[in-house]
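A.B. asks: Quick one: sequence and predicted model below, then my questions.
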Amino acid sequence: MQAADWWSIEILDAEHAHTSATAWRDAHAQALAESLVTNGAASWKWFEHSWGVVLEVAFHEERAWLAWRDLPGTRAALDAVPDPVNGLLVHRGHGGASGSYVPREPRIAPAADRVELPEPV
């Protein structure tokens with residue numbers, strides 16, 4: 001049995017849009033689910049966040065994912081997101097679950113950069 005590759009489609013809410021990402025999901029979820037079933041998706045799941053929604057999809061082969069992405073219905077649904085320019089992220093792997101950004105504390109540089117080297121002869 002071959003492991004499935006996961007892909008994430010993140011739809012972000014837009015301040016200037018008349019619809020939310022949740023409303024977009026409600027409008028397109030059934031058509032997307034039907035196309036996922038008929039095109040061999042191994043699994044899929046929706047996640048709702050405060051900033052939008054995420055559709056995680058798994059296919060056993062990358063070419064099946066690419067074929068599903070090129071379907072007219074899939075392309076039409078993705079073109080209809082609330083903000084098609086800045087509100088659509090498509091990437092490999094699980095998505096949308098990373099926490100808020102916390103910068104790292106600066107570390108002290110290694111002592112080796114403070115050692116005086118002898119002059120070349």
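C.D. replies: Yep, it's here. Predicted, not measured: the structure shown is a model, and the values here were computed from it.
A.B. asks: In the chain, where's the longest helix?
C.D. replies: helix 21-38 (DSSP state H).
A.B. asks: Report the buried residues of that one.
C.D. replies: Neighbour-count burial for helix 21-38 flags Ala21, Thr22, Trp24, Arg25, His28, Leu32, Ser35, Leu36 (criterion: 16 or more other Cβ atoms under 10 Å). Using the backbone N, CA and C atoms, a C-beta is placed for each residue, glycine as well.
A.B. asks: quick check: angle from the helix or strand following that helix to helix 21-38?
C.D. replies: Moving toward the C-terminus from helix 21-38, the next helix or strand (DSSP states H and E) is strand 43-49. Interaxial angle, strand 43-49 versus helix 21-38 (axes from the mean of the first three to the mean of the last three Cα atoms, to 10 degrees): 180 degrees.
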